[in-house]
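K.L.:
One predicted model, sequence on top.
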Amino acid sequence: MPIETQGKILRVLQEQAFRRIGGDTEVEVDVRVIAATNRDLQQEMGAGRFREDLFYRLNVVPIRVPPLRERREDVPMLARHFVRQTAENGGMAVRTLGEDAVAALQAYDWPGNVRQLRNVIDWILIMAAGDPREAIRAEQLPPEIGSATPATLKWEKGGEIMGMALREARETFEREYLISQVNRFGGNISRTASFIGMERSALHRKLKSLGVFQGEKLVRPAG
């Protein structure tokens, strides 16, 4: 707002009246003003671009809206709202966001705040491949978010593991890791134990405790 306009606004707020251009009568006003800015007004006043008297007239009940990166707990609710809204407006299927996708969205810093989140959701619903009935995975997010996604969330079971408690998630990871390593060495427990740095007997007990063995038979993952 130009300095000249700021002065006119200030007079209206102080006198609760104004005169139209070319008019000769005072028009009384009874208003409540809500003002918003995305600038640092302390800096603006210091640089002479914003009037201090207007600032203190407006700054009666200040409300600070923190950026999205400071309220990451709001991201899941906002994202799911935008999914429903965009799908309804665009005549598309309402898709579910997987836990790994939600966690990746929460991990992002959102320099563009809520507008950027809204645009990202639009992009996802247009660009994400796969069956619309399937949950959107972290790997289907836009590149700028995918590059900032923690590696754990890019794992095949990332969506599943993000919905688990720590103990259950740790057991799931250990089970998948050990199955992959045992398969890597053709079911040879001794070679697997040597590679991962465990005693053979300890590895055997761990595999049994995680249900990797049924009796003495290795349970291999599907595919």
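P.N.:
That came in fine, so what should we check first?
K.L.:
All the helices of the chain, residue numbers only.
P.N.:
All helices of the chain, identified by DSSP state H, fall at 3-15, 41-46, 52-58, 75-90, 99-107, 113-127, 143-146, 158-161, 166-184, 189-196, 200-209.
K.L.:
which residues of this structure score low on pLDDT?
P.N.:
146-163, 184-186, 213-223 (pLDDT under 70).
K.L.:
if we go to 80?
P.N.:
Scanning the chain for pLDDT under 80 picks out the ranges 146-166, 168-169, 172-173, 176-177, 179-187, 211-223.
K.L.:
before we move on, the earlier item: of the helices of the chain, which approaches D24 most closely?
P.N.:
If you check each of those against D24 by CB to CB, helix 3-15 wins as the nearest, at 16.2 Å. For every residue, glycine as well, the C-beta is placed using N, CA and C.
K.L.:
Can you give me the buried ones in stretch 1-16?
P.N.:
Along stretch 1-16, these residues count as buried under the neighbour rule (16 or more other CB atoms under 10 Å): Q6, I9, L10.
K.L.:
re earlier: give me whichever of the helices of the chain is most buried.
P.N.:
The densest packing among those, expressed as mean neighbour count by mean count of other CB atoms under 10 Å, is seen in helix 99-107 with a mean of 23.
K.L.:
What number of residues are in the vicinity of the nearest residue to L97 once chain neighbours are set aside?
P.N.:
Counting by CB to CB, 6 or more residues apart in numbering, L97 lies nearest to I136, which is 5.3 Å off, once chain neighbours are set aside. For I136, the neighbour count with other CB atoms under 10 Å is 24.
K.L.:
mind listing what I136 touches?
P.N.:
I136 sits next to R95, T96, L97, G98, A101, I124, A128, G130 when contact means CB atoms under 8 Å, 6 or more residues apart in numbering.
K.L.:
Of these, which pair is most distant in space?
P.N.:
Every pair in these was compared (CB to CB); the two farthest apart turn out to be L97 and G130, at 13.0 Å.
K.L.:
more crowded one of the two?
P.N.:
The residue with more neighbours, out of L97 and G130 and counting by other CB under 10 Å, is L97; that gives 23 against 11.
K.L.:
list the contacts for the more buried one?
P.N.:
Listed by CB under 8 Å, 6+ apart, the contact partners of L97 are P76, A79, R80, V83, L105, A135, I136.
K.L.:
picking up where we left off before, list just the nearest of the contacts of I136 to E171.
P.N.:
Proximity of the contacts of I136 to E171 (CB to CB) peaks at G98, which lies at 20.3 Å.
K.L.:
Roughly how far does the residue nearest to L97 sit from A93?
P.N.:
With the distance defined as CB to CB, to the nearest Å, I136 ends up 11 Å from A93.
K.L.:
With G46 instead?
P.N.:
Computed with CB to CB, the distance linking G46 and A93 is 52 Å.
K.L.:
Setting the sequence-adjacent residues aside, check what's closest to A135.
P.N.:
With CB to CB, 6+ apart as the criterion, A135 has its nearest non-adjacent residue at 3.8 Å, and that residue is G98.
K.L.:
closest one to I21 among the helices of the chain?
P.N.:
If we rank those by CB to CB, the stretch that ends up nearest is helix 3-15, at 10.7 Å.
K.L.:
Does anything pack onto the closest one? Which helices or strands?
P.N.:
Using 3 or more CB pairs under 8 Å, 6 or more residues apart in numbering; DSSP states H and E as the contact criterion, the secondary-structure elements in contact with helix 3-15 are strand 17-19, helix 52-58.
K.L.:
Quick one: the ones you listed as TSV, columns for distance to F173 too.
P.N.:
Listed next are those as TSV, based on distance: least, CB to CB, whole Å:
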stretch	distance to F173
strand 17-19	68
helix 52-58	54
